[in-house]
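Engineer: next comes the sequence, and after it the predicted model I'd like to discuss.
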2 protein chains.
Amino acid sequence: MNIGQAAKASGVSAKMIRYYEQTGLIPKADRRQSGYRDYSDTDVHMLRFIRRSRDLGFSVAEIQELLGLWRDESRESAEVKRLAQSHIDDLKKRIAALEDMTNTLTKLVGACHGDHRPHCPILEGLESDGADEDLSIRPRRGAVAG
Amino acid sequence: MNIGQAAKASGVSAKMIRYYEQTGLIPKADRRQSGYRDYSDTDVHMLRFIRRSRDLGFSVAEIQELLGLWRDESRESAEVKRLAQSHIDDLKKRIAALEDMTNTLTKLVGACHGDHRPHCPILEGLESDGADEDLSIRPRRGAVAG
DNA sequence: ATGGGGCTTCCAACCATGGGAAGGTCAAGC
DNA sequence: GCTTGACCTTCCCATGGTTGGAAGCCCCAT
(Lines give C-alpha, C1' and ligand atoms only; values in the text may rest on other atoms or scores of the structure.)
Protein backbone atom coordinates (compact mmCIF):
# COMPACT_ATOMS: atom_id res chain seq x y z
CA MET A 1 0.00 0.00 0.00
CA ASN A 2 1.33 3.41 -0.98
CA ILE A 3 1.60 6.26 1.49
CA GLY A 4 -1.35 8.04 -0.11
CA GLN A 5 -3.60 5.05 0.38
CA ALA A 6 -2.37 4.56 3.92
CA ALA A 7 -3.09 8.23 4.51
CA LYS A 8 -6.61 7.93 3.22
CA ALA A 9 -7.25 4.74 5.15
CA SER A 10 -5.88 6.08 8.43
CA GLY A 11 -6.89 9.72 8.32
CA VAL A 12 -3.28 10.79 8.81
CA SER A 13 -1.92 12.91 5.97
CA ALA A 14 1.02 11.63 3.97
CA LYS A 15 3.00 14.62 5.19
CA MET A 16 2.39 13.68 8.77
CA ILE A 17 3.17 10.01 8.20
CA ARG A 18 6.60 10.96 6.91
CA TYR A 19 7.03 13.37 9.80
CA TYR A 20 6.12 10.71 12.35
CA GLU A 21 8.59 8.36 10.75
CA GLN A 22 11.29 10.98 10.73
CA THR A 23 10.81 11.83 14.41
CA GLY A 24 10.75 8.18 15.39
CA LEU A 25 7.14 8.01 16.52
CA ILE A 26 6.61 5.17 14.06
CA PRO A 27 9.23 2.77 12.72
CA LYS A 28 10.71 3.33 9.30
CA ALA A 29 8.42 2.00 6.64
CA ASP A 30 9.48 -0.77 4.30
CA ARG A 31 10.52 0.42 0.87
CA ARG A 32 9.82 -0.94 -2.56
CA GLN A 33 12.61 -1.08 -5.07
CA SER A 34 11.36 2.17 -6.45
CA GLY A 35 11.91 3.84 -3.11
CA TYR A 36 8.20 4.12 -2.38
CA ARG A 37 7.18 3.44 1.20
CA ASP A 38 5.04 0.33 1.63
CA TYR A 39 2.38 0.03 4.32
CA SER A 40 0.56 -2.97 5.70
CA ASP A 41 -2.85 -3.09 7.36
CA THR A 42 -1.03 -3.27 10.68
CA ASP A 43 0.70 0.01 9.88
CA VAL A 44 -2.61 1.60 9.03
CA HIS A 45 -4.00 0.29 12.27
CA MET A 46 -1.20 2.02 14.15
CA LEU A 47 -1.71 5.21 12.21
CA ARG A 48 -5.38 5.19 13.09
CA PHE A 49 -4.43 4.78 16.73
CA ILE A 50 -2.23 7.84 16.43
CA ARG A 51 -4.90 9.81 14.63
CA ARG A 52 -7.44 9.02 17.26
CA SER A 53 -5.04 9.91 20.06
CA ARG A 54 -4.33 13.24 18.41
CA ASP A 55 -8.06 13.85 18.11
CA LEU A 56 -8.29 13.38 21.85
CA GLY A 57 -5.63 16.01 22.37
CA PHE A 58 -2.67 13.82 23.28
CA SER A 59 0.69 15.28 22.38
CA VAL A 60 3.03 13.29 20.20
CA ALA A 61 5.20 12.63 23.25
CA GLU A 62 2.22 11.19 25.07
CA ILE A 63 1.32 9.12 22.04
CA GLN A 64 4.80 7.70 22.09
CA GLU A 65 4.05 6.40 25.57
CA LEU A 66 0.62 5.20 24.55
CA LEU A 67 2.03 3.33 21.59
CA GLY A 68 4.58 1.70 23.84
CA LEU A 69 1.84 0.49 26.14
CA TRP A 70 -0.30 -0.53 23.22
CA ARG A 71 2.43 -2.76 21.88
CA ASP A 72 3.41 -4.11 25.28
CA GLU A 73 1.37 -7.24 25.86
CA SER A 74 2.32 -7.27 29.53
CA ARG A 75 1.40 -3.66 30.24
CA GLU A 76 -0.58 -2.81 33.34
CA SER A 77 -3.83 -1.08 32.51
CA ALA A 78 -3.19 1.11 35.55
CA GLU A 79 -0.41 2.80 33.66
CA VAL A 80 -2.62 3.60 30.70
CA LYS A 81 -5.28 4.88 33.03
CA ARG A 82 -2.82 7.09 34.87
CA LEU A 83 -1.63 8.57 31.58
CA ALA A 84 -5.17 9.18 30.39
CA GLN A 85 -6.24 10.69 33.68
CA SER A 86 -3.29 13.02 33.70
CA HIS A 87 -4.25 14.12 30.22
CA ILE A 88 -7.81 14.73 31.35
CA ASP A 89 -6.49 16.89 34.17
CA ASP A 90 -4.49 18.85 31.66
CA LEU A 91 -7.49 19.30 29.40
CA LYS A 92 -9.54 20.50 32.33
CA LYS A 93 -6.95 23.10 33.19
CA ARG A 94 -7.01 24.36 29.66
CA ILE A 95 -10.78 24.45 29.69
CA ALA A 96 -10.76 26.38 32.94
CA ALA A 97 -8.30 28.90 31.53
CA LEU A 98 -10.46 29.41 28.45
CA GLU A 99 -13.56 29.75 30.59
CA ASP A 100 -11.88 32.41 32.68
CA MET A 101 -11.24 34.29 29.48
CA THR A 102 -14.81 34.00 28.24
CA ASN A 103 -16.19 35.00 31.60
CA THR A 104 -14.13 38.15 31.81
CA LEU A 105 -14.76 38.97 28.21
CA THR A 106 -18.46 38.31 28.47
CA LYS A 107 -18.71 40.75 31.34
CA LEU A 108 -16.97 43.38 29.30
CA VAL A 109 -19.13 42.74 26.27
CA GLY A 110 -22.22 42.98 28.44
CA ALA A 111 -21.14 46.38 29.66
CA CYS A 112 -20.55 47.73 26.16
CA HIS A 113 -23.37 49.53 24.43
CA GLY A 114 -22.12 48.49 21.04
CA ASP A 115 -23.41 51.52 19.22
CA HIS A 116 -21.96 54.31 17.11
CA ARG A 117 -20.40 56.10 20.06
CA PRO A 118 -16.72 55.65 20.89
CA HIS A 119 -17.05 55.00 24.61
CA CYS A 120 -16.24 51.34 25.20
CA PRO A 121 -15.88 49.46 28.48
CA ILE A 122 -14.20 46.61 26.64
CA LEU A 123 -11.25 48.76 25.71
CA GLU A 124 -11.22 50.21 29.20
CA GLY A 125 -11.17 46.74 30.63
CA LEU A 126 -8.20 45.89 28.45
CA GLU A 127 -6.34 48.89 29.78
CA SER A 128 -6.89 48.16 33.42
CA ASP A 129 -5.43 45.30 35.39
CA GLY A 130 -8.37 42.98 35.22
CA ALA A 131 -9.73 43.39 38.71
CA ASP A 132 -13.45 43.96 38.73
CA GLU A 133 -12.85 47.66 39.10
CA ASP A 134 -15.18 49.84 37.10
CA LEU A 135 -16.56 47.35 34.69
CA SER A 136 -19.00 45.95 37.17
CA ILE A 137 -22.52 46.05 35.90
CA ARG A 138 -23.87 46.72 39.35
CA PRO A 139 -24.30 50.47 39.87
CA ARG A 140 -21.42 51.69 41.98
CA ARG A 141 -23.08 53.23 44.97
CA GLY A 142 -21.49 56.53 45.84
CA ALA A 143 -19.26 56.58 42.82
CA VAL A 144 -21.98 57.92 40.60
CA ALA A 145 -22.12 61.31 42.25
CA GLY A 146 -18.39 61.54 42.90
CA MET B 1 12.89 54.00 30.65
CA ASN B 2 14.92 50.99 29.52
CA ILE B 3 13.32 48.00 27.90
CA GLY B 4 13.86 45.92 31.02
CA GLN B 5 11.99 48.39 33.16
CA ALA B 6 9.23 48.69 30.59
CA ALA B 7 9.03 44.91 30.59
CA LYS B 8 8.70 44.76 34.35
CA ALA B 9 6.15 47.56 34.42
CA SER B 10 4.01 46.11 31.65
CA GLY B 11 4.31 42.39 32.21
CA VAL B 12 5.54 41.89 28.65
CA SER B 13 9.01 40.36 28.43
CA ALA B 14 11.78 42.37 26.79
CA LYS B 15 12.05 39.66 24.20
CA MET B 16 8.42 40.04 23.28
CA ILE B 17 8.57 43.82 23.23
CA ARG B 18 11.30 43.60 20.61
CA TYR B 19 9.31 41.00 18.72
CA TYR B 20 6.17 43.15 18.73
CA GLU B 21 8.21 46.06 17.46
CA GLN B 22 9.78 43.94 14.76
CA THR B 23 6.44 42.64 13.52
CA GLY B 24 4.91 46.10 13.54
CA LEU B 25 2.40 45.54 16.32
CA ILE B 26 3.89 48.48 18.15
CA PRO B 27 5.74 51.45 16.65
CA LYS B 28 9.51 51.53 16.73
CA ALA B 29 10.72 52.73 20.07
CA ASP B 30 12.76 55.89 20.44
CA ARG B 31 16.47 55.29 20.86
CA ARG B 32 18.98 56.92 23.13
CA GLN B 33 22.36 57.84 21.76
CA SER B 34 23.67 54.57 23.12
CA GLY B 35 21.22 52.66 20.96
CA TYR B 36 19.09 51.63 23.93
CA ARG B 37 15.35 51.72 23.38
CA ASP B 38 13.56 54.35 25.41
CA TYR B 39 10.01 53.89 26.68
CA SER B 40 7.48 56.35 28.05
CA ASP B 41 4.58 55.73 30.39
CA THR B 42 2.33 55.83 27.35
CA ASP B 43 4.31 53.03 25.80
CA VAL B 44 4.01 50.99 28.96
CA HIS B 45 0.30 51.67 28.93
CA MET B 46 0.07 50.25 25.46
CA LEU B 47 2.15 47.24 26.39
CA ARG B 48 -0.12 46.53 29.30
CA PHE B 49 -3.07 46.71 26.94
CA ILE B 50 -1.38 44.11 24.77
CA ARG B 51 -0.52 41.93 27.70
CA ARG B 52 -4.05 41.97 28.94
CA SER B 53 -5.43 41.20 25.50
CA ARG B 54 -3.09 38.23 25.22
CA ASP B 55 -4.25 37.04 28.62
CA LEU B 56 -7.77 37.04 27.26
CA GLY B 57 -6.67 34.89 24.38
CA PHE B 58 -6.69 37.42 21.57
CA SER B 59 -4.26 36.68 18.78
CA VAL B 60 -1.67 39.24 17.82
CA ALA B 61 -3.65 39.94 14.65
CA GLU B 62 -6.75 40.65 16.72
CA ILE B 63 -4.75 42.84 19.05
CA GLN B 64 -3.62 44.82 16.06
CA GLU B 65 -7.27 45.59 15.38
CA LEU B 66 -7.97 46.29 19.02
CA LEU B 67 -5.05 48.69 19.23
CA GLY B 68 -6.31 50.48 16.15
CA LEU B 69 -9.69 50.92 17.74
CA TRP B 70 -8.12 51.89 21.03
CA ARG B 71 -6.19 54.69 19.40
CA ASP B 72 -9.07 55.80 17.21
CA GLU B 73 -10.97 58.45 19.12
CA SER B 74 -13.86 58.24 16.71
CA ARG B 75 -14.24 54.45 16.81
CA GLU B 76 -17.67 52.94 17.17
CA SER B 77 -17.98 50.79 20.25
CA ALA B 78 -20.06 48.43 18.13
CA GLU B 79 -16.95 47.46 16.27
CA VAL B 80 -15.07 46.63 19.45
CA LYS B 81 -18.00 44.66 20.68
CA ARG B 82 -18.27 42.72 17.46
CA LEU B 83 -14.59 41.83 17.64
CA ALA B 84 -14.84 40.75 21.26
CA GLN B 85 -17.97 38.73 20.63
CA SER B 86 -16.38 36.96 17.73
CA HIS B 87 -13.46 36.09 19.96
CA ILE B 88 -15.82 34.77 22.61
CA ASP B 89 -17.44 32.58 19.99
CA ASP B 90 -14.04 31.27 19.05
CA LEU B 91 -13.16 30.56 22.67
CA LYS B 92 -16.41 28.72 23.11
CA LYS B 93 -15.68 26.53 20.13
CA ARG B 94 -12.31 25.66 21.55
CA ILE B 95 -13.86 24.91 24.93
CA ALA B 96 -16.45 22.68 23.29
CA ALA B 97 -13.74 20.80 21.43
CA LEU B 98 -11.77 20.24 24.62
CA GLU B 99 -14.89 19.16 26.43
CA ASP B 100 -15.62 16.62 23.74
CA MET B 101 -12.17 15.23 24.33
CA THR B 102 -12.56 15.05 28.10
CA ASN B 103 -15.98 13.47 27.77
CA THR B 104 -14.77 10.73 25.48
CA LEU B 105 -11.66 10.19 27.51
CA THR B 106 -13.53 10.17 30.80
CA LYS B 107 -15.80 7.46 29.50
CA LEU B 108 -12.81 5.40 28.53
CA VAL B 109 -11.07 5.95 31.85
CA GLY B 110 -14.25 4.98 33.65
CA ALA B 111 -14.34 1.70 31.78
CA CYS B 112 -10.73 0.84 32.61
CA HIS B 113 -10.01 -1.23 35.68
CA GLY B 114 -6.64 0.35 36.13
CA ASP B 115 -5.01 -2.62 37.75
CA HIS B 116 -2.04 -4.88 37.04
CA ARG B 117 -3.76 -6.66 34.18
CA PRO B 118 -3.07 -5.68 30.58
CA HIS B 119 -6.66 -5.52 29.33
CA CYS B 120 -7.47 -1.87 28.77
CA PRO B 121 -10.59 -0.30 27.24
CA ILE B 122 -8.73 2.98 26.84
CA LEU B 123 -6.32 1.48 24.36
CA GLU B 124 -9.19 -0.32 22.68
CA GLY B 125 -11.05 2.94 22.41
CA LEU B 126 -8.04 4.52 20.76
CA GLU B 127 -7.98 1.75 18.21
CA SER B 128 -11.59 1.98 17.26
CA ASP B 129 -13.29 4.76 15.39
CA GLY B 130 -14.70 6.59 18.36
CA ALA B 131 -18.34 5.74 17.95
CA ASP B 132 -19.99 4.83 21.20
CA GLU B 133 -19.60 1.16 20.45
CA ASP B 134 -18.93 -0.86 23.55
CA LEU B 135 -17.64 1.71 25.90
CA SER B 136 -20.95 3.30 26.75
CA ILE B 137 -21.57 3.53 30.46
CA ARG B 138 -25.33 3.76 30.14
CA PRO B 139 -26.83 0.30 29.95
CA ARG B 140 -27.89 -0.03 26.36
CA ARG B 141 -31.51 -0.94 26.61
CA GLY B 142 -32.22 -3.87 24.39
CA ALA B 143 -28.59 -4.42 23.67
CA VAL B 144 -27.97 -6.04 27.01
CA ALA B 145 -29.93 -9.16 26.32
CA GLY B 146 -29.27 -9.24 22.67
C1' DA C 1 38.88 51.74 35.68
C1' DT C 2 36.74 47.62 36.43
C1' DG C 3 33.17 44.30 37.08
C1' DG C 4 28.74 42.71 36.48
C1' DG C 5 24.51 43.29 34.72
C1' DG C 6 21.71 45.28 31.02
C1' DC C 7 21.34 46.28 26.35
C1' DT C 8 21.99 45.29 21.21
C1' DT C 9 21.41 41.99 17.11
C1' DC C 10 21.08 37.54 15.09
C1' DC C 11 20.04 32.70 14.97
C1' DA C 12 17.69 28.61 16.59
C1' DA C 13 14.26 25.87 18.80
C1' DC C 14 9.71 24.51 20.20
C1' DC C 15 5.03 21.77 18.23
C1' DA C 16 2.32 19.93 14.53
C1' DT C 17 1.07 20.91 10.22
C1' DG C 18 0.77 22.57 5.40
C1' DG C 19 2.84 24.36 0.97
C1' DG C 20 5.74 23.97 -2.71
C1' DA C 21 9.72 22.87 -5.85
C1' DA C 22 12.54 19.57 -8.41
C1' DG C 23 12.82 15.18 -9.89
C1' DG C 24 11.73 9.91 -10.08
C1' DT C 25 7.88 6.16 -10.67
C1' DC C 26 3.68 3.94 -11.83
C1' DA C 27 -0.43 2.77 -14.48
C1' DA C 28 -3.46 3.56 -18.17
C1' DG C 29 -4.39 4.56 -22.80
C1' DC C 30 -2.89 5.08 -27.54
C1' DG D 1 6.78 1.61 -26.94
C1' DC D 2 5.63 6.23 -25.60
C1' DT D 3 3.05 9.85 -23.48
C1' DT D 4 0.41 11.62 -19.83
C1' DG D 5 -1.04 12.57 -15.40
C1' DA D 6 -1.22 11.16 -10.81
C1' DC D 7 1.62 9.74 -7.35
C1' DC D 8 5.90 9.32 -4.88
C1' DT D 9 10.63 11.04 -3.17
C1' DT D 10 13.56 14.59 -0.57
C1' DC D 11 14.40 19.22 0.81
C1' DC D 12 13.33 23.74 2.38
C1' DC D 13 10.13 27.21 4.21
C1' DA D 14 6.20 29.15 6.90
C1' DT D 15 3.06 29.27 10.54
C1' DG D 16 2.45 31.63 16.07
C1' DG D 17 4.13 33.15 20.12
C1' DT D 18 7.64 32.59 23.00
C1' DT D 19 12.04 31.39 24.93
C1' DG D 20 17.02 30.49 24.81
C1' DG D 21 21.62 31.53 23.75
C1' DA D 22 25.86 33.78 21.75
C1' DA D 23 28.74 37.69 20.73
C1' DG D 24 29.59 42.18 21.58
C1' DC D 25 28.67 46.95 23.32
C1' DC D 26 26.95 50.14 27.17
C1' DC D 27 25.92 51.87 31.82
C1' DC D 28 26.27 52.36 36.66
C1' DA D 29 28.27 51.61 41.06
C1' DT D 30 32.31 50.76 43.44
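Structural biologist: Thanks, I have it.

Engineer: for A:Leu66, which non-adjacent residue is closest in space?
Structural biologist: Leaving out its chain neighbours, the residue that sits closest to A:Leu66 by CB to CB, 6 or more residues apart in numbering or on different chains is A:Ser53, at 5.8 Å. For every residue, glycine as well, the C-beta is placed using N, CA and C.

Engineer: just checking, the one you found touches A:Gln64?
Structural biologist: No. Using CB atoms under 8 Å, A:Ser53 is not in contact with A:Gln64; the gap is 10.0 Å.

Engineer: compare those two (neighbour count), which wins?
Structural biologist: Taking other CB atoms under 10 Å in any protein chain shown, A:Ser53 and A:Gln64 do not tie; A:Ser53 has more neighbours (20 against 16).

Engineer: where's the more buried one, which helix or strand?
Structural biologist: helix A:41-55 (DSSP states H and E).

Engineer: check which residues of that helix are buried.
Structural biologist: By 16 or more other CB atoms under 10 Å in any protein chain shown, the buried positions in helix A:41-55 come out as A:Asp43, A:Val44, A:Met46, A:Leu47, A:Arg48, A:Phe49, A:Ile50, A:Arg51, A:Arg52, A:Ser53, A:Arg54.

Engineer: do it and DNA strand D meet?
Structural biologist: No. Interface with DNA strand D: helix A:41-55 contributes nothing (CB under 7 Å from any atom of the strand), its closest point being 12.2 Å away.

Engineer: is the residue nearest to the spatial centre of chain A in a helix, a strand, or coil?
Structural biologist: With distances taken as CA atoms, centre = their mean, A:Gly57 lies nearest the centre of chain A, 4.6 Å away. Secondary structure, DSSP: H, G, I helix; E, B strand; the rest coil: A:Gly57 is coil.

Engineer: surely it is in contact with B:Asp100?
Structural biologist: No. Using CB under 8 Å, A:Gly57 is not in contact with B:Asp100, being 9.4 Å away.

Engineer: so how far is the helix holding A:Ser53 from its chain's centroid?
Structural biologist: 17 Å (CA atoms, centre = their mean, to the nearest Å).

Engineer: can you pull the contacts of the residue of chain A found nearest DNA strand D?
Structural biologist: Closest to DNA strand D within chain A is A:Gly4: 2.5 Å, counting by CB to the nearest atom of the strand. Counting by CB atoms under 8 Å, 6 or more residues apart in numbering or on different chains, A:Gly4 touches A:Ala14.

Engineer: per-residue pLDDT of it, please?
Structural biologist: Per-residue pLDDT puts A:Gly4 at 96.

Engineer: same question for A:Ser128.
Structural biologist: 79.
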